[in-house]
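Trainee: Predicted model and sequence below, questions to follow.
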Amino acid sequence: MRASAQRGFTIVEMVLGSTIFLVIFGAATVALIGDQRAERVLTAQIGPEMRARDAMERLATELRMAGLRGEDQNDNGELDEGEDVNLNGRLDADWSLEDGAADKPELTFNRRIDLANPEEGTVASGVYSGPVRYLLERESLVRIWTRTDPETGEVQQLRHVVAAGITGLRFSREGTLVTVAMDLRLPPRVYKAEKRTIQTSIWLRN
């Protein structure tokens with residue numbers, strides 16, 4: 001009976017196998033790098049617009065909870081009995097956009113924030129925040145909220161940059177309909193246009 005012969009890989013076979021592996025590995029690496037570059041380009045293309053649209057949605061959400069009169073229920077401009085629901089000692093009626101206004105660069109309003117008291121199991125309705133202001137500073141959409149600390153009574157201003165790359169901000173109003181428009185600065189060599197405008201309209205509560 002003849003013994004079975006065992007043979008290993010020859011040098012030529014090993015070199016050939018290594019070469020094939022390196023070619024496949026190199027092709028996969030090149031494809032991966034290409035995908036990463038494509039992802040970076042796509043992010044550069046849509047990133048600024050996505051962030052601006054998120055900022056627009058946040059602003060619109062707050063405006064849906066705003067009111068023309070705020071705490072000033074009888075619309076007389078004075079802090080009357082029962083109107084200071086949040087007990088901050090002032091009439092929260094800071095709406096700054098008059099009817100018929102067009103292309104105003106900033107807006108101040110009060111946002112409705114019904115307050116719950118877990119200990120008493122009650123909810124105070126008709127509560128409005130202190131002034132909320134949106135404006136543009138050095139191509140950044142900025143939100144400034146003025147609040148009174150309930151424990152110390154100290155007036156605080158909380159400033160937050162909502163989105164960058166905004167070159168224009170305009171507020172217009174017709175009755176209870178407010179329109180917001182933003183101009184976006186687009187990345188160079190990515191878009192044909194240098195800017196894009198996004199816009200939305202919101203119906204106010206009162």
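Mentor: Now that the structure is in, tell me what you want to look at. Worth saying up front: this structure is predicted, and the values here are computed from it rather than measured.

Trainee: and the host helix or strand of residue 25, what does it pack onto?
Mentor: If you go by DSSP states H and E, residue 25 is part of helix 11-64. Under the contact definition 3 or more CB pairs under 8 Å, 6 or more residues apart in numbering; DSSP states H and E, helix 11-64 sits against strand 107-112, strand 140-148, strand 155-164, strand 177-185, strand 195-203. Glycine gets a C-beta too; all of them are placed from N, C-alpha and C.

Trainee: Could you save these as CSV and add columns showing distance to residue 56 and mean pLDDT?
Mentor: Shown next, in CSV, are these (distance: least, CB to CB, whole Å; pLDDT from 0 to 100):
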stretch, distance to residue 56, mean pLDDT
strand 107-112, 13, 93
strand 140-148, 9, 92
strand 155-164, 8, 92
strand 177-185, 6, 93
strand 195-203, 6, 90
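
Trainee: would you turn the ones you listed into JSON lines with mean neighbour count and distance to residue 21?
Mentor: Output for these, formatted as JSON lines (neighbours: other CB atoms under 10 Å; distance: least, CB to CB, whole Å):
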{"stretch": "strand 107-112", "mean neighbour count": "21", "distance to residue 21": "62"}
{"stretch": "strand 140-148", "mean neighbour count": "17", "distance to residue 21": "51"}
{"stretch": "strand 155-164", "mean neighbour count": "13", "distance to residue 21": "46"}
{"stretch": "strand 177-185", "mean neighbour count": "19", "distance to residue 21": "47"}
{"stretch": "strand 195-203", "mean neighbour count": "14", "distance to residue 21": "47"}
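
Trainee: Could you dump the ones you listed into CSV with distance to residue 72 added?
Mentor: Below are the helices and strands packed on helix 11-64 laid out as CSV (distance: least, CB to CB, whole Å):
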stretch, distance to residue 72
strand 107-112, 10
strand 140-148, 17
strand 155-164, 20
strand 177-185, 18
strand 195-203, 20
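
Trainee: Of all residues in this protein, which one is nearest the centre?
Mentor: residue 55 (2.5 Å; CA atoms, centre = their mean).

Trainee: low-confidence ranges in the chain?
Mentor: Scanning the chain for pLDDT under 70 picks out 1-9, 13, 33-46, 115-125, 150, 187-194, 206.

Trainee: Mind doing that once more with 90?
Mentor: Within the chain, the ranges that satisfy pLDDT under 90 run 1-52, 65, 67-92, 112-130, 147-156, 165, 184-196, 204-206.

Trainee: Just give me how far the helix holding residue 25 sits from the chain centre.
Mentor: Centroid separation for helix 11-64 versus its chain: 24 Å, with CA atoms, centre = their mean, to the nearest Å.
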